[in-house]
Each structure stands twice: as C-alpha cells, then as structure tokens.
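Student: sharing a model prediction with you, sequence too.
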Amino acid sequence: MAILEAVQVTRKAYQVEFPNDWCPGCGDFGILSSIQQALAGLGILPHQVAVFGGIGCSGKTPYYVHAYGVHTLHGRVLPFAAGAKLANPELTVLAVGGDGDGMAIGAGHFVNMGRRNIDLTYILFNNEVYGLTKGQASPTLPLGLQTKSLPEPNIQGRVNSLMLAMTSGFTWIGRGYSYNVKQLVRLIQEAVRHPGLSYLEVLQPCPTYNNLHTKEWYGGKDRPNGQPRWYDVQEEGYDPVIPEGADEETVQAKLAQFVEKAHEWGDRIPTGVLLVNRNISTFEERLAERIPGYPASSPAKRPIADGEGQSVAVLDAFFAELAVE
Ligand SMILES: Cc1ncc(C[n+]2csc(CCOP(=O)(O)OP(=O)(O)O)c2C)c(N)n1
Ligand code: SF4
Ligand SMILES: [Mg+2]
C-alpha cells in the first residue's frame, strides 16, 4: 500500500471515458463510485493501483477505473491479484468480483488466499445471482428463495461468505451496502489501509434479476417502521479489533461476537467493520524472513533487459536443474 497523504487526488483521476454497459439502477455503480472516491481520498495516484476483476457484470470494474488492471478469468481473480502484489509490493491491489465468481468456481482460491494474509483487498459484489448470465441462483442466494429467473425455489443452501472469510484466515472483514456510498468509501479505505488480507462484502441489488432483495427491501420499505434493514455496527459501539499479542480469551471473545454478527440477517443486517485481526503476520513479513531484502529485491525492481534490449535472464542454472542425466 503506497499512500501519499500530502497529494491531492480527485475522483476524476480514476474516471474513464470507456462506455459502461451495466443496467440502469445497478448497485455496481455505487461500488464503482466508492472505489474511485476511496482511492482518491487516500491520496493514492492511479499508477500506484492495480484492479483485478473476475468474470461477470462486476468483473468489468477494471475497465471503469483509471488504473492498471486486468479482467481475469472466472474464479481466478485472487491468484492474479496475489501475483501482482508479490511481484510489486508497492502497488495498492484491489480484487473485485461477483458472488458467483468468488463463492462458486473461485471458492478454493478464496480459502487458500486466507491462509496467506497477503496485503490486498478483495471486494465481493453480492447480488445473490449470476447477473451476467441472466440471473441463475448464485451460492449466496438463501435456500427456498425464488428470484425471477428461477423456475423453482432455490434448492441449495447459501454460503455465508463472512464466515468463510473468517475461517479461511482473512484478517480484515467488513460488509457494506452499495447505496450507502459514504460508509462504503470509509470501509474501502480502511480495508486498503489494513496491512494484510481484507475482505469486503458489498450487498448489491441487481434490479434486473434479483426482484426479492431490492433497493426497497434493503431500505425497509415493507417494514412497519419503514427503517432500513441494514445498520452500522460501529454506530452501536461494536469493536472488531483483535489487538497484536492478544491472549486466547480475547481472541475467542472477538471471534464469538463476529460469528453472531455474521449470522444476523433479515430484519437487521449488520454492516461496517466486523473483524480486524492484528495478531497474524502478513505473507510479506513471512517472505522477508525467508528472502532477506524482499521487497527491495522483488521482481518489479529487477532489470529485465540490458541496454541493447536483450533479456538479462540467466537460465543456465534453471535448465541444468531440469536436465536428465
Ligand atoms: C469457466 C467459466 N464458466 C462459466 C462462465 C459463464 N459465466 C460468466 S459470468 C458468470 C457468473 C457471474 O456471476 P457473478 O460472479 O455473481 O457476477 P455478476 O454478474 O452477478 O456481477 C458465469 C457463470 C465463464 N465465463 N467461465
Ligand atoms: S444484470 Fe444485474 S448485476 Fe448485471 S448490470 Fe444488470 S442490474 Fe447490474
Ligand atoms: Mg452476482
């Protein structure tokens, strides 16, 4: 994470002319705007950022952010992002993708990323459907719900991505809502600032295919009191931090309160920062112990060509290792 506090960067620096093909009213717009505002607010310049997207409507986000980026393969966004961060630890790396991308085909990568605690931020756009492919049930759609593309109610249970993040080892976990941009900007900034692996689930209405969990539903329009379903845990005094060096009792108590929040759903939906674990070393710290001088000697710092443009890679030792006697 490279943050220059003194630099004034505006959201405009992250905007592009590229045409956007999301449906009108899609929650993705609020997330895009929040990403741009958050990065600008942190004083990070576009050339210091790389955004990686999965496959799906949400996966197109890298096209819409003026920074480095790759629209990767279905379910493979985290390996791309991890590779970039390890090759150039000075980059601010964001991985973004949908609930289908991250919790179905990408679930194995999600779990194994958690074990590493690499310093990057993963933002999951959770609309409970496969938006791009016309609204099939995604792994986050609750059992028994029937969104409008489904011929019958969902026969499968849902994955609780917050719980999966916790058990996999993500050290910063939060949840936002795509139409609460003010809070979302703050959450993205906190996730980026966190020195380790951050997971931010964003509840994102898909007005085209999810006719159940709509903007109106999240906004509580059907409730007797008309109050939004989502609330901010920080406004209720929730403290998510496991401090460095915390004893086992503290760790267990913090995890227990997280588990309670992660299971709350329906009339009250918690948003905000839900877990910050400062008690686990980052992958970069582990790497520096094994490779002295890392990240000063990371691949991005090494020359790739001599003055003549010829590769400086010396592969003799590598090929010698592969030789069969
Ligand atoms: C290997 C592979 N399998 C299936 C697909 C088809 N496909 C494209 S997008 C998508 C799901 C997208 O859903 P989600 O990740 O929730 O993103 P959303 O469109 O909802 O933002 C699928 C299955 C694909 N592109 N590649
Ligand atoms: S299909 Fe849904 S998620 Fe995709 S752009 Fe349209 S509203 Fe957004
Ligand atoms: Mg989706």
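Tutor: Good, I have the coordinates. Ligands and ions are numbered 1, 2, ... in the order given.
Student: contacts and neighbour counts: CA atoms only from here.
Tutor: Fine.
Student: look up how far ligand 2 lies from the closest residue to residue 88 other than its chain neighbours.
Tutor: For residue 88, ignoring the flanking residues on the chain, the nearest one in space by CA to CA, 6 or more residues apart in numbering is residue 300 at 5.2 Å. Distance of residue 300 to ligand 2, given as CA to the nearest ligand atom, to the nearest Å: 35 Å.
Student: cool, residue 281 as well?
Tutor: Residue 281 sits 36 Å away from ligand 2, going by CA to the nearest ligand atom.
Student: where does that residue land in three-state SS?
Tutor: coil (DSSP: H, G, I helix; E, B strand; the rest coil).
Student: surely it meets residue 117?
Tutor: Yes: using CA atoms under 8 Å, residue 281 is in contact with residue 117, at 7.4 Å.
Student: neighbour-wise, which of these two wins?
Tutor: Between residue 281 and residue 117, residue 117 has the larger neighbour count (other CA atoms under 10 Å), namely 25 against 16.
Student: look at that one and report its pLDDT.
Tutor: With respect to pLDDT, residue 117 has a value of 98.
Student: what separation do you get for the residue lying closest to residue 146 once chain neighbours are set aside and residue 129?
Tutor: Once flanking residues are discounted, residue 146 sits nearest to residue 153: 4.2 Å by CA to CA, 6+ apart. To residue 129, residue 153 is 13 Å away according to CA to CA, to the nearest Å.
Student: counting neighbours, go ahead and name the busier of the two.
Tutor: residue 129 (24 against 14).
Student: surely the more buried one touches residue 209?
Tutor: Yes: the criterion here is CA under 8 Å, and residue 129 meets it with residue 209 at 7.3 Å.
Student: quick one: secondary structure of the residue nearest to residue 146?
Tutor: coil.
Student: check contacts around it.
Tutor: 143-147 (CA atoms under 8 Å, 6 or more residues apart in numbering).
Student: gap between the residue of the stretch 151-300 of the chain found nearest ligand 1 and ligand 2?
Tutor: Going by CA to the nearest ligand atom, ligand 1 is nearest to residue 206 of the stretch 151-300 of the chain, at 7.8 Å. Taking CA to the nearest ligand atom as the measure, residue 206 falls 4 Å from ligand 2.
Student: and that residue, what element?
Tutor: Residue 206 belongs to no helix or strand when assigned by DSSP states H and E.
Student: surely the residue nearest to residue 88 meets residue 86?
Tutor: No: using CA under 8 Å, residue 300 is not in contact with residue 86; the gap is 9.0 Å.
Student: residue closest to the middle of this structure?
Tutor: Central residue of the chain (CA atoms, centre = their mean): residue 122, 1.7 Å from the mean position.
Student: before we move on, what SS does that one have?
Tutor: strand.
Student: the residue nearest to residue 115 when sequence neighbours are not counted and residue 34, how far apart?
Tutor: Nearest non-adjacent residue to residue 115, counting by CA to CA, 6+ apart: residue 169, 5.5 Å away. Taking CA to CA as the measure, residue 169 falls 26 Å from residue 34.
Student: who's more crowded, the two?
Tutor: Legend: neighbour count by other CA under 10 Å for residue 169 and residue 34, higher for residue 34 (25 against 21).
Student: contacting residues around the residue lying closest to that one once chain neighbours are set aside?
Tutor: Nearest residue to residue 34, sequence neighbours excluded (CA to CA, 6+ apart): residue 185, at 4.9 Å. Contacts here follow CA under 8 Å, 6+ apart; on that basis residue 185 touches 34-35, 37-38.
Student: what helix or strand is residue 185 on?
Tutor: Secondary structure assignment for residue 185, by DSSP H and E: helix 181-193.
Student: now whichever helix or strand comes after that helix: average pLDDT?
Tutor: Sequence-wise, the next helix or strand downstream of helix 181-193 (DSSP H and E) is strand 198-203. Strand 198-203 carries an average pLDDT of 98.
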